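Asker: only the shape, not the letters, is given here:
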RNA sequence: CGGGGCGUAGCGCAGUCUGGUAGCGCAACUGCUUUGGGAGCAGUGGGUCGAGGGUUCAAAUCCUUUCGCCCCGACCA
């Protein structure tokens, strides 16, 4: 390489992902998903294939969240994928909300037509079509109506991990797919206060999940009426901000009041001997959170996994020249065993790739800590480790013993650093405004796009509504900390 | 579902306007040299040009129908 080329390379270091975030954020996102080997499009329109590395992340999300949910004394169960059409029809608002995006099962058998092509058999048409669940309020409500007889049966707290389907016009891996994975919790209570407290409580659980596991900051608040779940009294949300300033609804928790109890017949004999309808809640977090994780933490070299959810927290890269005469692999395997013994998820890259290729593969997949072991180091009982979040400047050489003693602390430090960086980024892009003129300025004067925090009264201003439409803004939430006086608005995913 | 763009080797693209033997880069494979921040040389394999129909002696190229993908909007988690 010429000196000139070297100089050019130094001036503009090559990034593992092209385009960069600044050049084209949506394209960057897709490239990261591909480079990290998370998922790909499937032959089925709008549905994705989640690859092993992406699914491993989802499994870790499930484990962490499932534990948090069970602390709240929620029980897991499973309900059918197919929901009778009449069930969906029970709640008027609910129908309006989901009818447009339901996939419908109308036949129960295939047969060959005149041309020998398989078609749904005309005489196998179902009396009543089934809807592939877009969400399960109605079918779980049906079970609840049978299980709840007395106030002594309450509260009843159920959760299921499953797939759901919503026919989407425009899909993007993880962020919006026609089929996605999630958990949906459905709780039933004796009183309105209990249901309200529960909806808020489950939002706190999600916040715990986002802050302490995903390292993603968000603004907790209530949805405005136009953004509410169809059939809910109140919808609570955590709005996270992606690196392009757009909002991502990270999860939702709904107080459904007695709406679904009425339509599903969830009633019980109360302490007063009279019949009452239960008060229900529902709450969900989906594979969409993985999209949020990528767009919160990724950089121009690819994904950055938050350490507590990373499928591999440490990757060991043996650097072997020719034959492994120096015992490099043996040293790596011993280290792996010791790390596993203290509860660290660790993998050795045993591929025959060259050292730089192994390294870049680990960077693109966002493994929090890379450990390089060469022959010289084996002789000295040392190793070199590098943090994904800080990059090559964090390269440190220490003894094996020192590393074993510090690795957990390093993982915690990475988590904290990632969270604080994301939080600082988010807070610096929320503009507090008092007038419509300020709102307009916030979105048009060249500042980094983010959210405007404005007085709720402006929502009804015709001039604001026109501006909102022109700029494809939406109300993200009424932040709890503003006690209903302010609303966050922004563009969203 | 509206507006725009694109479908050619695993990936990224040229070739299309002006019809005439299917190309380039990367990746893959083989060999040798390399190996602690993206290696070098030599060689090899791989494509019914998204699909159907039409025009023509001849179609990746022209006409037509259709499917899919991406971006922006509307809708939504």
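Answerer: Now that the structure is in, tell me what you want to look at. Keep in mind that this is a model prediction, so the values were computed, not measured. Numbering: from 1, shown residues only, chains lettered A, B, ... in the order given.
Asker: tell me the residues of the stretch 1-150 of chain A that contact RNA strand B?
Answerer: Proximity of the stretch 1-150 of chain A to RNA strand B (CB under 7 Å from any atom of the strand) is limited to residues A:14-16, A:26-27, A:30, A:41, A:45-46, A:97, A:100-101. (Each C-beta comes from the backbone N, C-alpha and C, glycine too.)
Asker: got those residues as JSON lines, with secondary structure columns?
Answerer: Shown next, in JSON lines, are those (DSSP: H, G, I helix; E, B strand; the rest coil):
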{"residue": "A:14", "secondary structure": "coil"}
{"residue": "A:15", "secondary structure": "coil"}
{"residue": "A:16", "secondary structure": "coil"}
{"residue": "A:26", "secondary structure": "helix"}
{"residue": "A:27", "secondary structure": "helix"}
{"residue": "A:30", "secondary structure": "helix"}
{"residue": "A:41", "secondary structure": "strand"}
{"residue": "A:45", "secondary structure": "coil"}
{"residue": "A:46", "secondary structure": "coil"}
{"residue": "A:97", "secondary structure": "helix"}
{"residue": "A:100", "secondary structure": "helix"}
{"residue": "A:101", "secondary structure": "helix"}
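Asker: in JSON lines, list those residues along with pLDDT.
Answerer: Formatted as JSON lines, these follow (pLDDT from 0 to 100):
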{"residue": "A:14", "pLDDT": "74"}
{"residue": "A:15", "pLDDT": "83"}
{"residue": "A:16", "pLDDT": "87"}
{"residue": "A:26", "pLDDT": "84"}
{"residue": "A:27", "pLDDT": "83"}
{"residue": "A:30", "pLDDT": "86"}
{"residue": "A:41", "pLDDT": "82"}
{"residue": "A:45", "pLDDT": "79"}
{"residue": "A:46", "pLDDT": "82"}
{"residue": "A:97", "pLDDT": "83"}
{"residue": "A:100", "pLDDT": "81"}
{"residue": "A:101", "pLDDT": "85"}
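Asker: and the residues you listed, which are buried?
Answerer: A:16, A:46, A:97 (16 or more other CB atoms under 10 Å).
Asker: follow-up on the earlier one: which of the residues of the stretch 1-150 of chain A next to RNA strand B sit farthest apart?
Answerer: Greatest spatial distance among these (CB to CB): A:14 and A:97, at 47.1 Å.
Asker: residues in contact with the residue of chain A found nearest RNA strand B?
Answerer: Minimum separation of chain A from RNA strand B (CB to the nearest atom of the strand) falls at residue A:374, amounting to 1.6 Å. By CB atoms under 8 Å, 6 or more residues apart in numbering, the contact list for residue A:374 reads A:319, A:328, A:384.
Asker: name the residue closest to the centre of chain A, please.
Answerer: residue A:289 (0.7 Å; CA atoms, centre = their mean).
Asker: A helix includes that residue, no?
Answerer: Yes: per three-state DSSP, residue A:289 lies within a helix segment.
Asker: so what sits opposite the residue nearest to residue A:479 when sequence neighbours are not counted in the bridge?
Answerer: Distances taken as CB to CB, 6 or more residues apart in numbering place residue A:221 nearest to residue A:479, at 4.2 Å, with adjacent residues excluded. Beta bridges link residue A:221 to residue A:237, residue A:479, judged by DSSP bridges.
Asker: please report how far residue A:221 lies from residue A:34.
Answerer: Residue A:221 is 34 Å from residue A:34, where distance means CB to CB, to the nearest Å.
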